[in-house]
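A.B. asks: pasting the sequence and the predicted model now:
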Amino acid sequence: MVDLAELGWNIVLDSCFRQIHRAELVPARVTGKTRNSFPVIGEFGEKIAYISNRYFEKEVRDVKYPVVGDWVGINTGNNTIEAVLPRKSKISRQVSGGRGRYSGSQTVEQVVAANIDIVFITGSLDGSRSLNPGKIERYLALARASEASPVIILNKMDLCADLPEQINVVKQIAPAVPVLAVSATRAAGLERLKPYLIKGSTAVFLGSSGVGKSSVINALLGAERLKVSEVRETDFKGRHTTVGQELLMLPGGGNVIDTPGMRELQLWGDEEDLAGVFPDINLLAQGCRFRDCTHRSEPGCAVKQAIESGTLDIRRLENFRKLEREVQHLEARKNDFSKLEEKQKWKKISQWQKNFRRQKPE
Ligand code: GDP
Ligand code: ZN
């Protein structure tokens, strides 16, 4: 029998589940997603579940589509999902587009995975600059927005001649975040991940294609569970062949979610997350004469002063500005289209119901 605690079940979830007051439901965790169905795992083992019309009728005002990692209530009589439990964390990406008049100019939050404890931000030490400072800062912002804890993994340490130096570079950008060097193919340093992969925990791996995320996951699984692609020698870019989303239980404890949607995550955060990623600039800004100082030409700017005296790297301010622009842009879009979102949500729901009726299993 599957031990729910190993999948991450705990007393908080248990009490949420009890509040639903539905004796016919059992808890299960969503392990993937096809077009209309969801593989789930529970004490009953593995099953394919479907969204029930009943769920939509009851929860339609605040409907939550299950995503990989979600805890759901399953009616094992007809294999329907009839409840989605509250998420303690979620990884989201912003997707632009949509059909019709507003296509391309709107962004909506798309939840990629739920109930994540650890975000392994993965880079490669092969000299491909897969983890340049700008990228690390972005991934950190994303991790902070998700409520999960970030840990940086530097893979392919077998290809690195100046490891301490590389680790130092990363440490300077993210002083409070653990940095772990590993080599997936040599199975070296993987025990460094173990303290984060405790029983019931769930981790995701973020990072550019080709850095070795699948290889690390495979090494942890001890099996060729995900297809590892060949790296093109010329530009270090690996082409990815993995399809489908999966939540995998690791033999040594903990769970890993690996989804294609996670591979090219874009920033989804707010200004608060930004401050968390640039604590040094945030701290300096408190010494600026004006509270709304933009650190450009204002007199008495502590940030400019720090750059002039060499205590702050100008590149850091440039990265801050870049990210700040993106966040502001996103915020503006979010506000513009929040009205539209409601309308779209209803459209999406009716579409789902249509699909569901069409695909309903007998
Ligand atoms: P992903 O796109 O991040 O999932 O990367 P993959 O796991 O598909 O790996 C991309 C390429 O890097 C493959 O050719 C792997 O064999 C190679 N690779 C992965 N880990 C290591 C490592 O620790 N050292 C070396 N030298 N190559 C590695
Ligand atoms: Zn200033």
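C.D. replies: Received, thanks. Residues are numbered from 1 along each chain as shown. Ligands and ions are numbered 1, 2, ... in the order given.
A.B. asks: quick one: residues contacting the residue most central in space within the chain.
C.D. replies: Closest residue to the average C-alpha location of the chain: Ile91 at 3.4 Å, with C-alpha atoms, centre = their mean. Residues near Ile91 by C-beta atoms under 8 Å, 6 or more residues apart in numbering: 111-114, 116, 119, 142, 146, 148, 204, 262, 265. Where you see a C-beta, it was placed from the backbone N, CA and C, and this is true even at glycine.
A.B. asks: one more time with 10 Å, if that's ok
C.D. replies: 67-69, 110-116, 119, 142-143, 145-148, 204, 206, 257, 259, 261-262, 265, 268 (C-beta atoms under 10 Å, 6 or more residues apart in numbering).
A.B. asks: tell me the SS of it?
C.D. replies: strand (DSSP: H, G, I helix; E, B strand; the rest coil).
A.B. asks: just the buried residues from the contacts of Ile91, in PyMOL please.
C.D. replies: Buried residues within the contacts of Ile91, by 16 or more other C-beta atoms under 10 Å, are selected in PyMOL with:
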select buried, resi 67+68+69+111+112+113+114+115+116+119+142+143+145+146+148+204+206+257+259+261+262+265+268
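A.B. asks: any weak-confidence spans in the chain?
C.D. replies: 35, 55-63, 94-108, 129-131, 223-245, 260-277, 326-327, 329-362 (pLDDT under 70).
A.B. asks: number of residues surrounding the residue in the stretch 1-150 of the chain positioned nearest to ligand 2?
C.D. replies: At 19.2 Å from ligand 2, Glu137 is the closest residue in the stretch 1-150 of the chain, using C-beta to the ion. Here the number of neighbours of Glu137 (other C-beta atoms under 10 Å) works out to 21.
A.B. asks: equivalent analysis for Thr31, please.
C.D. replies: Residues lying near Thr31 (other C-beta under 10 Å) number 22.
A.B. asks: again, but for Asp3
C.D. replies: Neighbours of Asp3 using other C-beta under 10 Å come to 11.
A.B. asks: which SSE is the most far-flung residue of the chain relative to its centre in?
C.D. replies: Distance from the C-alpha centroid of the chain peaks at Pro299, with 39.9 Å (C-alpha atoms, centre = their mean). Using DSSP states H and E, Pro299 is not contained in any helix or strand.
A.B. asks: up against ligand 2, what does the stretch 51-200 of the chain have?
C.D. replies: Within the stretch 51-200 of the chain, no position is adjacent to ligand 2 by C-beta under 5 Å from the ion.
A.B. asks: how about the strands of the stretch 51-200 of the chain, start to end?
C.D. replies: Ranges of strands in the stretch 51-200 of the chain, per DSSP state E, counting those that start in this stretch, are 71-75, 80-84, 90-96, 107-114, 118-124, 149-155, 179-181.
A.B. asks: other SSEs contacting the last one?
C.D. replies: Identification of packing neighbours for strand 179-181 by 3 or more C-beta pairs under 10 Å, 6 or more residues apart in numbering; DSSP states H and E yields strand 118-124, strand 149-155, helix 163-173.
A.B. asks: name the residues of the longest one that are buried.
C.D. replies: Spelled out, it's helix 163-173. In helix 163-173, counting by 16+ other C-beta under 10 Å, buried: 166-167, 169-170, 173.
A.B. asks: hang on, the earlier thing: how many other residues sit next to the nearest residue to the residue farthest from the centre of the chain once chain neighbours are set aside?
C.D. replies: Of all residues not flanking Pro299 in the chain, Arg289 sits nearest, at 6.3 Å (C-beta to C-beta, 6 or more residues apart in numbering). Arg289 has 10 neighbours, counted by other C-beta under 10 Å.
A.B. asks: ok, and for the helix or strand harbouring Val216, which residues are buried?
C.D. replies: Using DSSP H and E, Val216 sits within helix 213-221. Along helix 213-221, these residues count as buried under the neighbour rule (16+ other C-beta under 10 Å): 213-221.
A.B. asks: centre of the chain versus that helix, how much separation?
C.D. replies: Here helix 213-221 is found 17 Å from its chain centre; the criterion is C-alpha atoms, centre = their mean, to the nearest Å.
A.B. asks: what is it packed up against?
C.D. replies: Taking 3+ C-beta pairs under 10 Å, 6+ apart as the contact cut, helix 213-221 packs with strand 118-124, strand 149-155, strand 202-206, strand 246-249, strand 255-258.
A.B. asks: between the first one and strand 149-155, how many degrees?
C.D. replies: Yep, that's strand 118-124 we're talking about. 30 degrees (axes from the mean of the first three to the mean of the last three C-alpha atoms, to 10 degrees).
A.B. asks: from the contact counts, what lies against strand 118-124?
C.D. replies: Strand 118-124 packs on helix 133-146, strand 149-155, helix 163-173, strand 179-181, strand 202-206, helix 213-221, going by 3+ C-beta pairs under 10 Å, 6+ apart.
A.B. asks: what do you get for the third one?
C.D. replies: For strand 202-206, the helices and strands in contact under the criterion 3+ C-beta pairs under 10 Å, 6+ apart are strand 107-114, strand 118-124, helix 133-146, strand 149-155, helix 213-221, strand 246-249, strand 255-258.
A.B. asks: try it again at 7 Å.
C.D. replies: If you count contacts as 3 or more C-beta pairs under 7 Å, 6 or more residues apart in numbering; DSSP states H and E, strand 202-206 packs onto strand 118-124, helix 213-221, strand 255-258.
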